[in-house]
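[1] here is my input, please return the structure:
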Amino acid sequence: MKNKWLKNSNRQHLRYSMRQASGIALALVMGISVAAAGHTQSVKAAVDTQTADTGVVATTDTANQTTETTTIGKNQISIKDFASQVQKVTGKDVLKNAGIKNTAAATTNEIAAYLLNEADSAVNGGENSYNYDLYGYVKYFNRISDIRNAGDKYKESLYKCFTKGIMVGKSDGTYSSTRKFLPKTKITKDEAKKMINRLKNKGKRFKLSYDGQVLRIINLPKNYKDYPYILASFPNSYYEKKMWYTKQRTKNDLTPAKTAKLMSDEDKDLICEKVKKNLELRLNIDYRKSLTSDWKEELSNTYRDTSLNRSLNAYVKAAKARKIVASSSQIVVDPSSLWTDKGGSSCYVRVYTKFRVKSGQVPSAKSSLQNEVIYGSYTALKNLSSKKTVTFMDEIKVNVSYTNGKMTSYGIDWGGDSLADVIGNK
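    Below is the predicted model:
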């Protein structure tokens, strides 16, 4: 599958680095459909009931699989038995060249992934058994948070089983875009059965968004039809809450679901990347070292109007005088929430942030001076002065220009960057 993202020269380094890491040529990320190895974005796709079924169990295992004794737990399954069940449904002897010495040992998540991927590749076309682009997203965005805990032999199999929806681990928490797989943890017989069922029946596999996040198809928000898909780690309140801009949306404007059909994944990614960069720069401040000319230039470049020297200089002077130190713990900018106006010149993307001012003189929200603490056209947050963590969710406005159907310029609207939750806010 040819990927339009490869035309974007400022990301070509990823293609080389991923080839080095995987040993294969990847048609890398940014600009593909959500279709992944026959998967669909539809929130009504057939898949296992997504309750506690994640393919892993939260227990600790420090044993080495190759030297483990033959004593295993009552609810666990040996490598030999697991491989035998895999062979029954695929006809593939996955242990033949696996190099696993002690097959009487309990099966762990990483060994399960290795055996499942070997079987799936054998019956579904080898390198054609998974979507290269989706695989690239999964690796580029580090969707498996504990991949470093896996043995080198098993890392690729974990990535590929995730990409194929055979194993998806457990969410790292609400609003998280990553998942933990607990590679060394022993699986149960019930988990083994579900994994093998997903190996056998592609319709039972988990579905992923185009950028490698697990989708949810049960307990959906009331307005789920407004979105191209619903992320498993995001609560319904995220989708159902009507932000200020959403309240102004008319029937002529496009919902996120309609926008997703018209805007390329590459363009959505570029917009979200710029919004995230803007928030990272604004919410992570140390008056002693971060407010440099480079910082001002980087932040200015995230806006559509880049002639912000006067306001930036005023902010730097005020923030230094107030001795502001602030940091963020979470910044989420989700492309599935992005929608555009009827003309396509303005788009709006939902953001979720957690940050706090660690030190410095912080005025009250009603003072109209909080933009001397956090840069922006308007900042008014009631908990900012408490030095406690502030949780903020709203939409950021981005202005976009197209030439011959191609996005040629984009940046945050000055005035559409507000961080406010009190009187006078959006």
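[2] would you map the strands across the stretch 51-200 of the chain?
    170-171, 179-180 (DSSP state E, counting those that start in this stretch).
[3] quick one, which of the ones you listed is nearest to Tyr239?
    Of all the strands of the stretch 51-200 of the chain, it is strand 170-171 that lies closest to Tyr239, at 16.4 Å by C-beta to C-beta. (Each C-beta comes from the backbone N, C-alpha and C, glycine too.)
[4] report the central residue of the chain.
    Closest to where the C-alpha atoms of the chain average out (C-alpha atoms, centre = their mean) is Ser177, at 3.4 Å.
[5] residue contacts, that one?
    By C-beta atoms under 8 Å, 6 or more residues apart in numbering, the contact list for Ser177 reads 141, 143, 213, 233, 332.
[6] now render those residues as a markdown table, adding distance to Lys74, pLDDT and neighbour count.
    Output for the contacts of Ser177, formatted as a markdown table (distance: C-beta to C-beta, whole Å; pLDDT from 0 to 100; neighbours: other C-beta atoms under 10 Å):
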| residue | distance to Lys74 | pLDDT | neighbour count |
| --- | --- | --- | --- |
| Phe141 | 38 | 94 | 14 |
| Arg143 | 33 | 97 | 25 |
| Gln213 | 35 | 97 | 26 |
| Ser233 | 32 | 97 | 19 |
| Val332 | 41 | 96 | 22 |
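[7] with these in mind, which one is nearest to Glu110?
    Closest to Glu110, out of all of the contacts of Ser177 and judged by C-beta to C-beta, is Arg143, at 15.9 Å.
[8] phi, psi for the closest residue to that closest one other than its chain neighbours please.
    In this structure, Arg143 finds its nearest non-sequential neighbour in Gly212, 4.8 Å apart by C-beta to C-beta, 6 or more residues apart in numbering. When read as degrees, to the nearest 10, the backbone of Gly212 gives phi 90, psi 40.
[9] before we move on, the earlier item: give me the pLDDT value at the residue nearest to the centre of the chain.
    pLDDT, Ser177: 95.
[10] quick one: the helices in this structure, in order.
    12-22, 79-90, 109-123, 132-140, 152-164, 189-200, 236-240, 244-248, 256-262, 265-283, 293-300, 309-322 (DSSP state H).
[11] between these, which gets nearest to Ser346?
    Nearest of the helices of the chain (C-beta to C-beta): helix 244-248, 9.1 Å.
[12] buried sites along that closest one?
    Neighbour-count burial for helix 244-248 flags 245-246 (criterion: 16 or more other C-beta atoms under 10 Å).
[13] now for that helix, which elements pack on it?
    With contacts taken as 3 or more C-beta pairs under 8 Å, 6 or more residues apart in numbering; DSSP states H and E, helix 244-248 sits against strand 390-403.
[14] go with 10 Å
    strand 346-359, strand 390-403 (3 or more C-beta pairs under 10 Å, 6 or more residues apart in numbering; DSSP states H and E).
[15] and the contacts of it?
    Identification of contacts with helix 244-248 by C-beta atoms under 10 Å, 6 or more residues apart in numbering yields 223, 226, 242, 253, 255-256, 337, 339, 341, 346-350, 394-397, 416, 418, 420, 425-426.
[16] select only the buried ones of these in PyMOL?
    Selecting only the buried entries of those in PyMOL, with 16+ other C-beta under 10 Å as the criterion:
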select buried, resi 226+253+255+256+337+339+341+346+347+348+349+350+394+395+396+397+416+418+420+425+426
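[17] Val398: neighbour count?
    By the criterion of other C-beta atoms under 10 Å, Val398 has 26 neighbours.
[18] ok, now which ones touch it?
    Val398 touches 270-272, 274-275, 278, 302-304, 338, 340, 346-349, 410-413, 416-417, counting by C-beta under 10 Å, 6+ apart.
[19] can you put the helices of the chain in CSV and add distance to Gly376 and mean pLDDT?
    Listed next are those as CSV, based on distance: least, C-beta to C-beta, whole Å; pLDDT from 0 to 100:
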stretch, distance to Gly376, mean pLDDT
helix 12-22, 31, 40
helix 79-90, 54, 97
helix 109-123, 44, 97
helix 132-140, 29, 95
helix 152-164, 37, 97
helix 189-200, 46, 97
helix 236-240, 22, 96
helix 244-248, 15, 93
helix 256-262, 24, 96
helix 265-283, 6, 97
helix 293-300, 10, 96
helix 309-322, 9, 96
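[20] out of those helices, which is closest to Ser171?
    helix 152-164 (12.8 Å).
[21] that closest one: how far from the chain's middle?
    The chain centre lies 17 Å from the centre of helix 152-164; the measure is C-alpha atoms, centre = their mean, to the nearest Å.
[22] and stretch 371-389, by the same measure?
    27 Å.
[23] first vs last residue of that stretch, how far apart are they?
    17 Å (C-alpha to C-alpha, to the nearest Å).
[24] report the buried residues of it.
    Within stretch 371-389, the residues that qualify as buried are 371-377, 379-385, counting by 16+ other C-beta under 10 Å.
[25] Thr107 is in contact with Asn75, correct?
    No - in this structure, Asn75 is not within contact of Thr107 by C-beta atoms under 10 Å, at 11.7 Å.
[26] who has more neighbours out of these two?
    Thr107 (28 against 12).
[27] relative to Asn149, how far out is the nearest residue to the more buried one once chain neighbours are set aside?
    Of all residues not flanking Thr107 in the chain, Phe82 sits nearest, at 4.4 Å (C-beta to C-beta, 6+ apart). Going from Phe82 to Asn149 by C-beta to C-beta, to the nearest Å gives 20 Å.
[28] these two: who's more crowded?
    Legend: neighbour count by other C-beta under 10 Å for Phe82 and Asn149, higher for Phe82 (25 against 16).
[29] tell me the contacts of that one?
    Phe82 touches 76, 94-95, 103, 106-107, 111-112, 115-116, 187, 189, 192, 195-196, counting by C-beta under 10 Å, 6+ apart.
[30] count of neighbours near Ile79?
    Under the criterion other C-beta under 10 Å, the count of neighbours that Ile79 has is 26.
[31] in this structure it contacts Gly99, no?
    No - the pair Ile79 / Gly99 is not scored as a contact, 11.7 Å apart, by C-beta under 10 Å.
[32] what do those two both touch?
    Tyr114.
[33] redo the helices of the chain as CSV? Include distance to Lys354.
    What follows is those, written out as CSV (distance: least, C-beta to C-beta, whole Å):
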stretch, distance to Lys354
helix 12-22, 28
helix 79-90, 40
helix 109-123, 30
helix 132-140, 24
helix 152-164, 26
helix 189-200, 32
helix 236-240, 14
helix 244-248, 20
helix 256-262, 23
helix 265-283, 9
helix 293-300, 20
helix 309-322, 20
